[in-house]
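**Q** attaching a predicted model along with its sequence, questions to come.
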Amino acid sequence: MTEKRSDAITKGFERTPHRALLKGAGVPNEAMDRPFIGVATSFTDLIPGHTGMRDLERAIEKGVHSGGGHAFFFGIPGVCDGIAMGHKGMHYSLPTRELIADMVESVTEAHRLDGLVLLTNCDKITPGMLMAAARLDIPCLVVTAGPMMTGAGRDGKRYSFVTDTFEAMAQYKAGVMDEKELMACEDQACPTAGSCQGLFTANTMAILTETLGMSLIRCGTALAVSSLKRRIAFASGERIVELVRQGITPRQIMTREAFENAIRVDLALGGSSNTVLHLLSIAKEAGVDLPLEEFDRLGRETPQLSSMNPGGKYFMEDLDAAGGVPAVLYQLRDRINDNPTLTGPTISEIIACVKDVDEEVVHPVSDPVRAEGGIAILSGNLAPDGAVVKQSGVSDKMMHFEGRARCFDSEEGAMEALMGGIVVAGDVVVIRYEGPKGGPGMREMLAPTATLMGLGLGDSVALITDGRFSGGTRGPCIGHISPEAAEGGPIALVEDGDPILLDIPNRKLELKISDKELEERRARWQKPEPKIKTGWLARYAAVVTSANTGAICKAP
């Protein structure tokens, strides 16, 4: 390494003012020649997935200095989707992904940092960090802070956040659960720091980050409370300095082959449907052509190998003990591309080192949980540009379903109907004007989907939306319908009582009315007033693209 980006602020008499300011920040003379490593940290007291990051920050800083670099911390905001759920706050969740990418880019370019460690954990924060890494294309390494432990209950019961709080609400409402049981759920659902225990969006993205080669081995599953996570953080600090010296950057790692590997691992584990949005957006920043249809092509030839919560019985602590990401790669070895990683070994070399896999948790390809992967892409006259379903969470009974539409123009309207007993067996709940533009912000629909399951309607009612779902969603719930209602998509034209066909095996989502009737409704449709007209969300709505392209903010 003969030249560094940071030379622009440390070399020559012209940079006397710059060095003076760095010394004012405590940087000694001898550090001016070391690689300047930014540590973008999303620590906050607001999110359990991030409250333990102070220890990881210390470990990363020690690693950076042990490796011969100098560490600089800067803050990145985080939104907890669970806390933001069900009110105005959820409008802001997905848009923060764009803000995070922009903030990392801004600080890194303004201060000419040589490399980055990206300390992250939750739903939109990890993809925002990866988008920035791909955009900047300077040496970067991601440390995800890890999942929390499950809560311990009587008779071997293990509590987790989503199934034991959101679904418990509906069970309490229906009289299935008493107040004492509800309080036990509340007290036990989040027993430690860390991201929520199942294969929700945060943990899925951590796993895919490791699969992409952007974090060290076992980082994707090592628990937040483990000493292993701290050792990974220290090693990441050391490794980033070496990456700067070697000139290894994210676009050398995040190739088309790497994205295919990430999709396959996602499908094999039955991960969150939100990963479709995020992988599309990261690939765009990396200059990789990744069409939505690729998820379905790979899904048809990649079996689901694990039964992970929320749709199954295993939690992140089980997957970690079973061998983590390397175990999944090993089981998929005949379908996985070789590719470089930031760790050093290639994907094939990592697979070759796997000695033992718990096949109760991660099945072999010869004995899959399901023949197809966890995510399916649907299309039809109701979703001409596609829709997404987490089929790993759908019962066999609901894989093919026809029902009558019951339409709502907001999540709140649907929730009121669900809690009021208005939605009954045979209905298809249609929640629209909740897409990237119409929401704005494409709110997650965990509250309605969890309520459906809690009320015992998961095998008799389907839900479709141009919004999206939490990674904790299970049941016949179809999201990301494109084009969205706010852009005049067919979902805006559905009327109460219309027959809707859901056919997941054949990838169909159809509004069963005539083309003539559909065109007559289109001619009568009027674009509604924006729900939010001021502030950041109004600007976001003006530039955000459709869900089938990753809901990215397009350039002017």
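**A** Done, it's in.
**Q** what residues of stretch 7-17 count as buried?
**A** By neighbour count on 16 or more other C-beta atoms under 10 Å, the buried set for stretch 7-17 is 7, 9-10, 15. All C-beta atoms are positioned from the backbone trio N, CA, C, and that covers glycine.
**Q** name the residues that touch that stretch?
**A** 18-19, 22, 32-33, 111-112 (C-beta atoms under 8 Å, 6 or more residues apart in numbering).
**Q** give me the buried subset of those.
**A** 18-19, 22, 32, 111-112.
**Q** what about the protein, any weak spots by pLDDT?
**A** Within the chain, the stretches with pLDDT under 70 are 1, 472, 556.
**Q** what's the single longest helix in it?
**A** Ranked by residue count, the top helix of the chain under DSSP state H comes out as helix 227-246.
**Q** can you give me the buried ones in that helix?
**A** By 16+ other C-beta under 10 Å, the buried positions in helix 227-246 come out as 229-230, 232-245.
**Q** any chance you could list what contacts it?
**A** 1, 4, 35, 37, 55-56, 59-69, 71, 114-117, 119, 139-141, 143, 145-146, 215-216, 218-219, 222-223, 342-344.
**Q** alpha carbons only: can I get that helix in CSV?
**A** Provided in CSV are the C-alpha atoms of helix 227-246 (Å, rounded to 0.1, in the frame of the first residue of the first chain):
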residue,chain,number,x,y,z
SER,A,227,-17.7,-14.5,23.8
LEU,A,228,-17.4,-15.8,20.2
LYS,A,229,-19.1,-12.7,19.0
ARG,A,230,-16.6,-10.5,20.8
ARG,A,231,-13.7,-12.5,19.3
ILE,A,232,-15.2,-12.1,15.8
ALA,A,233,-15.5,-8.4,16.4
PHE,A,234,-11.8,-8.2,17.5
ALA,A,235,-10.7,-10.3,14.4
SER,A,236,-12.8,-8.0,12.2
GLY,A,237,-10.9,-5.0,13.5
GLU,A,238,-7.6,-6.7,12.7
ARG,A,239,-8.8,-7.9,9.3
ILE,A,240,-10.0,-4.6,8.0
VAL,A,241,-6.5,-3.1,8.2
GLU,A,242,-5.2,-6.0,6.2
LEU,A,243,-8.0,-5.5,3.6
VAL,A,244,-6.9,-1.9,3.2
ARG,A,245,-3.3,-2.9,2.7
GLN,A,246,-4.3,-5.5,0.1
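**Q** touching the helix or strand that it is followed by from outside, list them.
**A** Beyond helix 227-246 in the direction of the C-terminus, DSSP states H and E gives the next helix or strand as helix 250-253. The set of residues external to helix 250-253 that reach it, using C-beta under 8 Å, 6+ apart, is 130, 133-134, 136-137, 140, 212-214, 286-287, 339-342.
**Q** quick revisit: quick check: the farthest pair among the contacts of stretch 7-17?
**A** The largest distance within these, taken as C-beta to C-beta, falls between 33 and 111 and amounts to 16.5 Å.
**Q** export the contacts of stretch 7-17 to CSV and tack on distance to residue 520 and secondary structure?
**A** Shown next, in CSV, are the contacts of stretch 7-17 (distance: C-beta to C-beta, whole Å; DSSP: H, G, I helix; E, B strand; the rest coil):
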residue, distance to residue 520, secondary structure
18, 66, helix
19, 71, helix
22, 68, helix
32, 71, helix
33, 72, helix
111, 58, coil
112, 60, coil
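**Q** pull out the buried positions in stretch 499-517.
**A** 500-502, 504, 507-511, 513.
**Q** flag every buried residue along stretch 293-309.
**A** So, applying 16+ other C-beta under 10 Å, buried residues of stretch 293-309: 294-296, 298-299, 302-309.
**Q** quick check: the farthest pair among the residues you listed?
**A** 294 and 309 (26.7 Å).
**Q** of the contacts of helix 250-253, grab the buried ones for ChimeraX.
**A** This is how ChimeraX selects the buried members of the contacts of helix 250-253, with burial counted by 16+ other C-beta under 10 Å:
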select :130,133,134,136,140,212,213,214,286,339,340,341,342
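**Q** so of the contacts of helix 250-253, which ones are in strands?
**A** In this view, those that belong to strands under DSSP state E are residue 140.
**Q** what's the local residue count around the nearest residue to residue 551 once chain neighbours are set aside?
**A** In space, and not counting its chain neighbours, residue 551 is closest to residue 436: 4.4 Å by C-beta to C-beta, 6 or more residues apart in numbering. Residue 436 is flanked by 31 other residues according to other C-beta atoms under 10 Å.
**Q** quick check, residue 436 in contact with residue 94.
**A** Yes: Residue 436 is within contact range of residue 94, at 7.3 Å (criterion: C-beta atoms under 8 Å).
**Q** list residues touching both of the two?
**A** Counting by C-beta under 8 Å, 6+ apart, the residues touching both residue 436 and residue 94 are 442, 551.
**Q** so residue 552 touches residue 543, yeah?
**A** No: with contact defined as C-beta under 8 Å, residue 552 does not count as touching residue 543 (9.1 Å).
**Q** so for those two, which sits in the more crowded spot?
**A** Per other C-beta under 10 Å, whichever of residue 552 and residue 543 has more neighbours is residue 552, with 21 against 14.
**Q** list the contacts for the more buried one?
**A** For residue 552, the contact set (C-beta under 8 Å, 6+ apart) comprises 98, 280-281, 284, 544-545.
**Q** inside helices: which ones of these?
**A** Judged by DSSP H, those include 98, 280-281, 284 as members of helices.
**Q** from those, which two are the most distant?
**A** Across the ones in helices among the contacts of residue 552 (C-beta to C-beta), the longest gap, 13.5 Å, separates 98 and 280.
**Q** give me the more crowded residue out of those two.
**A** Per other C-beta under 10 Å, whichever of residue 98 and residue 280 has more neighbours is residue 280, with 24 against 20.
**Q** leaving out sequence neighbours, find the closest residue to the more buried one.
**A** residue 550 (3.2 Å).
**Q** still on that earlier bit, identify the farthest-apart pair in the buried residues of helix 227-246.
**A** 229 and 245 (25.4 Å).
**Q** what about residue 350, which helix or strand?
**A** With DSSP H and E as the criterion, residue 350 is inside helix 347-352.
**Q** what comes into contact with that helix?
**A** 213, 217, 261, 326, 329-330, 333, 336-341, 343.
**Q** what about 10 Å?
**A** Contacts to helix 347-352, defined as C-beta atoms under 10 Å, 6 or more residues apart in numbering, come from residues 210-213, 217, 257-258, 261, 325-327, 329-333, 336-341, 343-346.
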